[in-house]
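Asker: My questions concern the predicted model and sequence given below.
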Amino acid sequence: MSAQVCAETNNTEQAEHIRDIVDAISPFMRAFNTFHDNTYHLLCIFGVLANILIIVVLLRPSMRKSPFNLFLIIIAVCDASLLATYWIYKLLENECNPRFFNLSTVYYTLFYANTSMILHSVSLWLTVNMAILRYLVIYRGSRSTSRLPQVNGYPAAIIGIILAVVITLIGSFPLILYYTIQKPKTAELPPEFCYNTPYEDHWRKNKFVTFWPIGPPTYWNCAWEKLKFWMAAVILKIIPCVLLTIFMALLVWMLMEARERRARICGGATAGNSQAERTTAMLTCIVAVFLITELPQGIITSIMGINTQYGVFAKELKSLFDFLSLLNSAINFILCALMSHVFRR
């Protein structure tokens, strides 16, 4: 339904142009889909175990003293949950398995569609808010005349966490409304459906299948469709990437300024510059990972907000976006822990 709700979908010339682009990238995506299907198991298992490990470490009494570790714990919980739910979703995705058409699988698919988006976006916004609070802490400490309130405590951390959740829910709202379970339909299966698979006997006996489509509600129109894409792109992807880049750059500048000042006082300019360079490289790496994994999705989603015909790109690049999100969730705890370590020094 979403492909037909906007007037520009009637532009056949543009649709053919988009189709040509999709056809051009299809060979790469077929190869990548194979790579993704062979690696997501390892990525999910590694990511879940790694995030559980970081949660166990951060829950130790000595680690609970830092309010910023609360950010890391919730980020790890979000990322581990995302990886686990995705792994289950992929297990249920095999359409040859009769359970693929069960109503319970449809409910889980709906659950995954909403929770995966929310968990990933909360994790991203928590990282952004942690960087902002870190900057405010360093700025306040470096300016004796600063009038900023104390932000190096649990109240500020809790506010940052609540804001991350609220912003995510606002950006996700149209997408949550979009996913609804439709009335059941019955369809005839194609000849020799899933023959030469472990489920061949079942499908030899059943030539029809009942399924429950997931799609937009009856009131859905072009305005809702574009709002869905724009809010997801701007609030859940582009703004957090821009904010993270800005505040990481400010943090790098302040850290280098502080080390140069310390080096002048202590007479160790070379060592100070070397440490500042390592810090700069580490924070640049953190920003680069987020920009590589998140910004392309935000750009393409915003283009879909301008012209919904470009939705075929999202469908074609789905496994690539899934892989980038999984990669981000699997290594996010490492990046956040490194960032926290740098700022404690």
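Answerer: Happy to help now that I have it.

Asker: List the contacts of Val48.
Answerer: Applying C-beta atoms under 8 Å, 6 or more residues apart in numbering to Val48 gives the contacts Ala80, Leu83, Ala84, Trp87. All C-beta spots, glycine's among them, are computed from the backbone N, C-alpha and C.

Asker: Read off the pLDDT value for Ala232.
Answerer: Note on Ala232: pLDDT of 93.

Asker: what about it, how many neighbours?
Answerer: Using other C-beta atoms under 10 Å, Ala232 has 24 neighbouring residues.

Asker: Please apply the same query to the one 10 residues further on.
Answerer: Neighbour count for Val242, taken as other C-beta under 10 Å: 15.

Asker: Show me where the stretch 51-200 of the chain has its strands.
Answerer: Using DSSP state E, counting those that start in this stretch, the strands of the stretch 51-200 of the chain run over 180-181, 185-188.

Asker: out of these, deepest packed?
Answerer: Compared across these, strand 180-181 shows the largest average neighbour count, a mean of 14 (mean count of other C-beta atoms under 10 Å).

Asker: Does that one pack against any helices or strands, and if so which?
Answerer: helix 103-142, strand 214-215 (3 or more C-beta pairs under 8 Å, 6 or more residues apart in numbering; DSSP states H and E).

Asker: residue nearest the centroid of this structure?
Answerer: His120 (3.9 Å; C-alpha atoms, centre = their mean).

Asker: I figured that one was touching Ser325, is that so?
Answerer: Yes. At 5.7 Å, His120 counts as touching Ser325 under the criterion of C-beta atoms under 8 Å.

Asker: Mutual contacts of the two, please.
Answerer: Leu82.

Asker: any idea of the mean pLDDT for the longest helix seen in the chain?
Answerer: Under DSSP state H, the helix in the chain containing the largest number of residues is helix 12-58. Taken as a whole, helix 12-58 has a mean pLDDT of 87.

Asker: so how far is that helix off the chain centroid?
Answerer: On the basis of C-alpha atoms, centre = their mean, to the nearest Å, helix 12-58 sits 12 Å off its chain's mean C-alpha point.

Asker: Give me the residues contacting stretch 222-239.
Answerer: With C-beta under 8 Å, 6+ apart as the contact definition, stretch 222-239 has outside contacts at 2, 5-7, 117, 121, 124, 167-168, 170-175, 177-178, 216, 294-295, 297-299, 301-302, 304-306, 308.

Asker: how distant is it from the center of its chain?
Answerer: Taking C-alpha atoms, centre = their mean, one finds the center of stretch 222-239 at 15 Å from the center of the full chain.

Asker: Quick check: buried residues in that stretch?
Answerer: 224-239 (16 or more other C-beta atoms under 10 Å).

Asker: got a list of what Asp322 touches?
Answerer: His36, Tyr40, Tyr86.

Asker: what's the answer for Ala314, then?
Answerer: Neighbour list for Ala314: Ile300, Thr301, Met304, Phe321 [criterion: C-beta under 8 Å, 6+ apart].

Asker: Would you map the helices across the stretch 151-300 of the chain?
Answerer: 154-178, 200-205, 222-233, 239-266, 269-306 (DSSP state H, counting those that start in this stretch).

Asker: List just the one of these that sits closest to Glu13.
Answerer: helix 269-306 (17.0 Å; C-beta to C-beta).

Asker: which element follows the closest one toward the C-terminus?
Answerer: helix 311-316 (DSSP states H and E).

Asker: In CSV: the helices of the stretch 151-300 of the chain, plus distance to Arg134.
Answerer: Below are the helices of the stretch 151-300 of the chain laid out as CSV (distance: least, C-beta to C-beta, whole Å):
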stretch, distance to Arg134
helix 154-178, 10
helix 200-205, 56
helix 222-233, 26
helix 239-266, 6
helix 269-306, 10
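
Asker: Could you look over the ones you listed and pick the most buried one?
Answerer: Mean neighbour counts for those (mean count of other C-beta under 10 Å) peak at helix 222-233, with a mean of 19.

Asker: just the angle between that one and helix 154-178, please?
Answerer: Here helix 222-233 points in a direction 150 degrees away from that of helix 154-178 (axes from the mean of the first three to the mean of the last three C-alpha atoms, to 10 degrees).

Asker: now the angle from helix 222-233 to helix 103-142?
Answerer: Using the same axes, to 10 degrees, the inter-axis angle of helix 222-233 relative to helix 103-142 is 50 degrees.

Asker: how about helix 222-233 as CSV, C-alpha atoms only?
Answerer: Backbone C-alpha positions of helix 222-233 (Å, rounded to 0.1, in the frame of the first residue of the first chain) are rendered in CSV as follows:
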residue,chain,number,x,y,z
CYS,A,222,0.8,10.3,1.5
ALA,A,223,1.2,12.8,4.3
TRP,A,224,1.6,10.1,6.8
GLU,A,225,4.0,8.2,4.5
LYS,A,226,6.3,11.1,4.1
LEU,A,227,6.1,12.0,7.8
LYS,A,228,7.1,8.5,8.6
PHE,A,229,10.3,8.7,6.5
TRP,A,230,11.2,12.3,7.5
MET,A,231,10.9,11.8,11.3
ALA,A,232,12.8,8.5,11.1
ALA,A,233,15.6,10.1,9.0
